[in-house]
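Chemist: Sequence and computational prediction follow.
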Amino acid sequence: MADESLSTAGSNSQEEGKMGALTDFLGAGEVATALGGVVTALLDKLEHAVGWCANHDTPSRTAVDTYIAEIQNSDKDPLVKAALISNSKKIIKEYCNQENIVSIAIQSVKSDAKPENIDDDWLAQFMDKARLVSAEEFQLIWGKILANECNHPGCVPRALLEILPRMDRSDAEAFTALKSVSVELGDAIAPVVVYNKLSYYEQWNITFDSIMNLQALGLVAANLGDFFEGYVVSSTMSTTANYYGKKIDLSPPNELPVGCAVYTKTGDALAKAIDATPIAGFMEEMCIPFWKKCNKMKPIFKSFEIKE
């Protein structure tokens, strides 16, 4: 009976902690009600797949100070005390990094997300990498990646989880800049980079070197040769090229010229996860003149009327 009581108490404590964390993550109101089930499913998945539990009772600073005080007041050897204190700070910092990223993800999950369908090994790899991410701008990226995997389980390749830790701030900025010149065609997305206009792209922080660096990371494939005709993306799901709400209709077979760079599978997953700001006049000044030139060689567009 005693063991059963202890088990029940532990279970109740975990559930109370989970519900408290749920309130912290979502607050109250209709949005919280709509997403509550999804967030609970994510927290359950994290607990069962990797043993990670959400916390809402103890602020990180208080947790560190309390644990350090307990160590200092113990009768352990001074060297052991120093090692334990150092390790405790590291562990709590890593946990807080993970918690921040999970919190960011929760803000972007959809009400029909299926976090319970995320692969356990993928999630274990994600959380292992996430514990070392302390910069806010990268925590935002990792949070968006987790949210996208919750919304579409299996959409984020594990290779991306190996690439992200190798990216520095300039790489992240370069990729975001490339996303800002990207056009969607159904489920396809690609940057429109016109090689003979590359110097014009420098004003948007897109350069030959930045594209080469992203290619070295495995996020884009690029061919910047003088005689390369350019990449083409296609989709069976849409007949409309969409640049941040500005749309142009294509003719069958729905093939869109995009210039000298395209996303790889890992780059595609990252581009679909992060946000970027559209460039005023980009479709009118860069895309349409490029597409009109392509249209002379092969009919691609029904018209060049922009719909919004």
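Modeler: Nice, thanks for sending it over.

Chemist: Is there a neighbour count for Asp44? I'd like the number.
Modeler: Residues within reach of Asp44, counting by other C-beta atoms under 10 Å, total 13. For glycine as for every other residue, the C-beta is placed from the backbone atoms N, C-alpha and C.

Chemist: mind listing what's buried in the strand or helix carrying it?
Modeler: Assigned by DSSP states H and E, Asp44 belongs to helix 30-50. Of all the residues in helix 30-50, those buried under the rule 16 or more other C-beta atoms under 10 Å are 35-36, 38-39, 41-43, 45-46, 49-50.

Chemist: for it, packing partners?
Modeler: Under the contact definition 3 or more C-beta pairs under 8 Å, 6 or more residues apart in numbering; DSSP states H and E, helix 30-50 sits against helix 2-26, helix 78-106, helix 120-130.

Chemist: Spit out the contact partners of the most centrally placed residue in the chain.
Modeler: Closest residue to the average C-alpha location of the chain: Ile145 at 2.6 Å, with C-alpha atoms, centre = their mean. For Ile145, the contact set (C-beta atoms under 8 Å, 6 or more residues apart in numbering) comprises 105, 126, 156, 160-161, 164, 269-270, 273.

Chemist: Quick check: Cys150 vs Ala105, distance?
Modeler: 7 Å (C-beta to C-beta, to the nearest Å).

Chemist: Which stretches in the stretch 151-300 of the chain count as strands?
Modeler: 182-185, 188-191, 220-222, 231-234, 240-243, 246-249, 255-259, 261-263 (DSSP state E, counting those that start in this stretch).

Chemist: how about CSV for those, with mean neighbour count added?
Modeler: Formatted as CSV, those follow (neighbours: other C-beta atoms under 10 Å):
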stretch, mean neighbour count
strand 182-185, 21
strand 188-191, 23
strand 220-222, 20
strand 231-234, 16
strand 240-243, 20
strand 246-249, 18
strand 255-259, 23
strand 261-263, 24
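
Chemist: mind putting these in CSV, distance to Val80 and mean pLDDT included?
Modeler: Shown next, in CSV, are the strands of the stretch 151-300 of the chain (distance: least, C-beta to C-beta, whole Å; pLDDT from 0 to 100):
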stretch, distance to Val80, mean pLDDT
strand 182-185, 54, 96
strand 188-191, 54, 96
strand 220-222, 50, 96
strand 231-234, 59, 92
strand 240-243, 61, 94
strand 246-249, 64, 93
strand 255-259, 60, 92
strand 261-263, 51, 97
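
Chemist: Dump the ones you listed into JSON lines; add distance to Ile300 as well.
Modeler: Shown next, in JSON lines, are the strands of the stretch 151-300 of the chain (distance: least, C-beta to C-beta, whole Å):
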{"stretch": "strand 182-185", "distance to Ile300": "11"}
{"stretch": "strand 188-191", "distance to Ile300": "14"}
{"stretch": "strand 220-222", "distance to Ile300": "21"}
{"stretch": "strand 231-234", "distance to Ile300": "9"}
{"stretch": "strand 240-243", "distance to Ile300": "9"}
{"stretch": "strand 246-249", "distance to Ile300": "10"}
{"stretch": "strand 255-259", "distance to Ile300": "7"}
{"stretch": "strand 261-263", "distance to Ile300": "17"}
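
Chemist: who wins for proximity to Ile306 among these?
Modeler: Closest approach to Ile306 among those is made by strand 246-249 (5.2 Å; C-beta to C-beta).

Chemist: Low-confidence bits of this protein, can you list those?
Modeler: 1-35, 55-64, 67, 226-228 (pLDDT under 70).

Chemist: Report the residue ranges of every domain in it.
Modeler: 1-156, 169-308 (automatic domain parsing).

Chemist: what's next to stretch 103-122, contact-wise?
Modeler: Contacts for stretch 103-122 (C-beta under 8 Å, 6+ apart): 25-26, 34-35, 38-39, 41-42, 44-45, 49-50, 139-140, 142-151, 153-154, 156, 158, 161.

Chemist: what comes up buried for that stretch?
Modeler: 103-106, 108-109, 113-115, 118, 122.

Chemist: and that stretch, how far apart are its ends?
Modeler: Using C-alpha to C-alpha, to the nearest Å, one end of stretch 103-122 lies 18 Å from the other.

Chemist: now stretch 162-169
Modeler: Termini of stretch 162-169 sit 16 Å apart (C-alpha to C-alpha).

Chemist: roughly how far out does that stretch sit from the chain middle?
Modeler: 12 Å (C-alpha atoms, centre = their mean, to the nearest Å).
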